[in-house]
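Asker: Pasting the sequence and the predicted coordinates here, then a few questions.
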Amino acid sequence: MSITLGELAARLDAQLHGSAELRVERVAGLDRAGAGDLSFLCDPAYRRFLKITAATAVIVSAADVADCPVATLAVRNPYLAYARATAMLHPLPAVAAGVHPSAWVSPDARVAASARVGPKAVVEAGASLGEAVDIGAGCFVGAGAFIGDYSRLGPNVTVWHGVRIGRRCILYSGAVIGADGFGLARDADRWVRVPQIGGVQLGDDVEIGANSTVDRGALGDTLIEDGVKIDNLVQIGHNCRIGAHTAIAGCVGISGSAKIGRRCMIGGGTGINGHIEIADDVQITGMSMITKSISQRGSYSGGWPARDSRYWRRLVARVHRLAGGRAGRDND
Amino acid sequence: MSITLGELAARLDAQLHGSAELRVERVAGLDRAGAGDLSFLCDPAYRRFLKITAATAVIVSAADVADCPVATLAVRNPYLAYARATAMLHPLPAVAAGVHPSAWVSPDARVAASARVGPKAVVEAGASLGEAVDIGAGCFVGAGAFIGDYSRLGPNVTVWHGVRIGRRCILYSGAVIGADGFGLARDADRWVRVPQIGGVQLGDDVEIGANSTVDRGALGDTLIEDGVKIDNLVQIGHNCRIGAHTAIAGCVGISGSAKIGRRCMIGGGTGINGHIEIADDVQITGMSMITKSISQRGSYSGGWPARDSRYWRRLVARVHRLAGGRAGRDND
Amino acid sequence: MSITLGELAARLDAQLHGSAELRVERVAGLDRAGAGDLSFLCDPAYRRFLKITAATAVIVSAADVADCPVATLAVRNPYLAYARATAMLHPLPAVAAGVHPSAWVSPDARVAASARVGPKAVVEAGASLGEAVDIGAGCFVGAGAFIGDYSRLGPNVTVWHGVRIGRRCILYSGAVIGADGFGLARDADRWVRVPQIGGVQLGDDVEIGANSTVDRGALGDTLIEDGVKIDNLVQIGHNCRIGAHTAIAGCVGISGSAKIGRRCMIGGGTGINGHIEIADDVQITGMSMITKSISQRGSYSGGWPARDSRYWRRLVARVHRLAGGRAGRDND
């Protein structure tokens, strides 16, 4: 893949300083780039490399143009332009249509001619794979599941029966969509399982990270709206609704029936109680515990930054003394 | 599946208000139910739908009977009755006995005639699958593992060699039972692996959520007693013992050799130190850090509910000033 | 497997008290050991079993020799000696070379004659498996991936394209190495995916626990240096560098581009921000939140040990009153 700076400038809506005929072939960091490389400056920590870069061209903010010894593409949002340029220069490989001979596809499944089913994958009866869908090696697509056009499942993804996945979604390895929710009714001193008869719906352009889990609904569906991006090792409980274009970082757990707004950003390691509602445009910093609904947009936090351990132990003890008074007993 | 209210009342030990001849076919929420649907009222937030429900019948507490315009089944614990009624109306599909031609089963494995082995599953030598056991697509059942009658493994579950699983257990996709525990001995500036030669035993009626992990013991076995219910993305370290009928919510981590009592409830995101003991009937709220043994039943907490970020940062700084004094240095 | 105490003493550099001709066949705990068993005393809690043990021999510190009724092997570090002796008596089974007929291996992959590829595993074109490499059932090894000599992948491990794994590594079930990092650029009210064109490199002697994930780099590689040991359900973000011989306990999340030093120990449930640096020899206790770089070796903490819930709620309220003043509003 190679592209001229002229075409790149046009496609990125960038102001080009340099020759439109120059070509770039790949993307590389400022400090490592050489001839044929396109680089970028987003993080101020890398500014020191700008003056010495050997890249053919660099994506920058207008303010940085003068400092750059090579061709520049000036844009308002260099990180976004870098993302787009990288997608142009390093496109996902085309889907190699066809069912691998080692896969098992039910004769009652519907597989578009342009779709691929990888080695050792399993597609059950009634499942439907749209145009250019890519089912990785070892995946399981359950009975009646629906995978929309251009969606891609990495190797070893599990999609349970009846799950509906929109278009252009990406699911990474180990993701499990549509396993039963954690529904238990107490019966004296034991638990009775509550059958989970709902489903899961993913909108378009959803991404689910490696080893993340989205449970099916107890009644009704768990809903992941368009454009939601979920990192690795995230748990989404049954009957949650995650609003469009919300991003959820790694190791987050969201309990059942929580409703998260649109365009929220949820920091890594955060836990969110069940049955609460979070407004649109809420940001939650990492490792926060959200126990109540949040009705106002804004930023919320609950984590304690770590300190030297001896100091920390003393702090904890003093807080108990100051604030706890006589009741400050230990837990055992 | 359809059932008369008369039979339902008998099986749920419910007081029926309405015609015993009416039939219900499925379960639905109060606000969505129509003719042929059985609904229920457990959560007070749904009471507003009771008067306008179009369900054929509703499971309620005795106190709510008068407010319901349709037939009612009055019980002491509506949620439990709902769970049971759902299991009657939406039973798990019967296990379609037989080994799928695309599975690989060692000739030295023992597979009950009533068991199923799904597509692409692997069952190693010496493994034993009991009556009506269901091994999902892509599962791995290691050498000498034992799966008790009526247990079900969803697709892509991994059971290592020698693991013993009781009867009527359910393991969800991505669960890994019996991988080596995290045992390391320090040798100057490097780690030496401690071989993990113990095993794992799961009692009867245990459920393990998607992508949860239960490590095998270093010496002796990791024990998950009868009726324990474990949600998704939970880690159980080597040589833990989880007491019967304890429920563990998502994203919990329990370090090696911890002993958890019976009928405990452990909230999501909680971390429990190794080598400690927790009494029976202990409840731990979400995101708590349990560093010491707990000898008294009761409820324990350690999480800080999130607040507005600006307020939170100020709070943290003031706590350091108030309680930390001069020692309040930062971590760097 | 059986070994004389004489040979064991020589190989462990231990002082033998007892007959060098005695043989031991397996390792067992002090309280359960019998004839032919080798036991050990590391944890003082087990000292009470020393005097009554029926083991054939016990690994102890010199100070405990006199208290032991049976043969002893006295060493400076009994836990390390126990680890080594266990590895001698319970060696990993030899790798049964060969590609299982139910596996799918690309004709363009390179598989050493001494390597094993288990049932239903998939090895893509250009992948390379070194001497005595063991690929478990159901694994996926992507195009161009490299697995060094003597490395072992448990069942159902996923290694994406181009990942490089060193020698003698162990990857446990459900581990996902080289899925795309979580890179997103904001475009007005939606997210644009940043293609992840870097890779992952694991050094020698690395262990990755069950269901842990190591993302590939955005540009450049994610690096896990020699001897790093990672427990279950750990997330390592793109472009992290984990220094040699660092140990990371379960449920830890490390955000992208964090650099962790050598010989660090990171307690379970800890979260580490992206783009920070942590010095060598840092210890972090469990459930800490690391938001800034740490430049000094030492121990760091940030978790609040749990207490009785009623006391805890009062404590939290009082801290807000004491330190928060008027600003102490709730989050909703």
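Answerer: Nice, I can see it.
Asker: List the residues that contact the residue of the stretch 201-332 of chain A found nearest chain B.
Answerer: Chain B sits closest to A:G302 of the stretch 201-332 of chain A, with a gap of 3.4 Å, by Cβ to the nearest Cβ. Every C-beta, even on glycine, is put in place using the N, C-alpha and C of the backbone. Contacts for A:G302 (Cβ atoms under 8 Å, 6 or more residues apart in numbering or on different chains) come out as A:285, A:287-290, B:303-307, B:312.
Asker: Helices of chain A, residue ranges please.
Answerer: Using DSSP state H, the helices of chain A run over A:5-12, A:78-89, A:309-319.
Asker: Out of the contacts of A:G302, who's the most crowded?
Answerer: For the contacts of A:G302, the largest number of neighbours (other Cβ atoms under 10 Å in any protein chain shown) sits with A:M287, at 33 neighbours.
Asker: which bits of the stretch 51-200 of chain A sit near chain B?
Answerer: A:104, A:120, A:122, A:124, A:138, A:140, A:142, A:156, A:158, A:160, A:174, A:176, A:179-180, A:182-187, A:189-195, A:197 (Cβ under 8 Å from any Cβ of the partner chain).
Asker: Now a ChimeraX select for only the buried ones of those residues.
Answerer: Those of these that count as buried under 16 or more other Cβ atoms under 10 Å in any protein chain shown are selected in ChimeraX with:
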select /A:104,120,122,124,138,140,142,156,158,160,174,176,179,180,182,183,184,185,186,191,192,193,194,195,197
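Asker: Inside strands: which ones of the residues of the stretch 51-200 of chain A next to chain B?
Answerer: A:104, A:122, A:140, A:158, A:176, A:184-187, A:190-193 (DSSP state E).
Asker: so what's the residue in the stretch 201-332 of chain A that chain C sits nearest to up against?
Answerer: The nearest approach of the stretch 201-332 of chain A to chain C comes at A:A306, 3.4 Å away (Cβ to the nearest Cβ). Neighbour list for A:A306: A:312, B:331, C:284, C:288-291, C:300-302 [criterion: Cβ under 8 Å, 6+ apart].
Asker: Point out the least confident one among those.
Answerer: Minimum pLDDT for these is recorded at B:N331 (44).
Asker: quick one on the thing from earlier: restrict the residues of the stretch 51-200 of chain A next to chain B to those near chain C?
Answerer: A:120, A:138, A:156, A:174.
Asker: Report pLDDT for the second one.
Answerer: Read that as A:G138. 98.
Asker: Next, the nearest residue to it once chain neighbours are set aside: phi, psi?
Answerer: What sits nearest to A:G138 in space, not counting adjacent residues and going by Cβ to Cβ, 6 or more residues apart in numbering or on different chains, is A:N156, at 4.4 Å. As for A:N156, its main-chain torsions (degrees, to the nearest 10) stand at phi 60, psi 40.
Asker: Quick check: A:N156 touching A:A121?
Answerer: No - judged on Cβ atoms under 8 Å, A:N156 makes no contact with A:A121 at a distance of 9.3 Å.
Asker: Determine the residues that are contacts of both of those two.
Answerer: With Cβ under 8 Å, 6+ apart, A:N156 and A:A121 have common neighbours A:136-139.
Asker: Just the buried ones among the residues you listed, please.
Answerer: A:136-139.
Asker: returning to what we had before: excluding chain neighbours, what is closest to the residue of the stretch 201-332 of chain A closest to chain C?
Answerer: Nearest one to A:A306, counting by Cβ to Cβ, 6+ apart, is C:G302 at 3.4 Å.
Asker: what separates A:A45 from A:V176, distance-wise?
Answerer: 37 Å (Cβ to Cβ, to the nearest Å).
Asker: before we move on, back to that, Serialize the ones next to chain C among the residues of the stretch 51-200 of chain A next to chain B to JSON lines and add fields for distance to B:V228.
Answerer: Output for these, formatted as JSON lines (distance: Cβ to Cβ, whole Å):
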{"residue": "A:K120", "distance to B:V228": "32"}
{"residue": "A:G138", "distance to B:V228": "29"}
{"residue": "A:N156", "distance to B:V228": "27"}
{"residue": "A:G174", "distance to B:V228": "23"}
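Asker: for A:V141, what are its contacts?
Answerer: A:V141 neighbours (Cβ under 8 Å, 6+ apart): A:109, A:121-124, A:127, A:129, A:135, A:147, A:153, A:159.
Asker: Show me what it is bridged to.
Answerer: On the basis of DSSP bridges, A:V141 is bridged to A:V123, A:V159.
Asker: ok, now which ones touch A:Y82?
Answerer: A:27, A:40, A:42, A:59, C:185, C:194.
Asker: Minimum pLDDT in those residues, which residue is that?
Answerer: Scoring these by pLDDT puts A:C42 last, at 92.
Asker: Cool, thanks, talk later.
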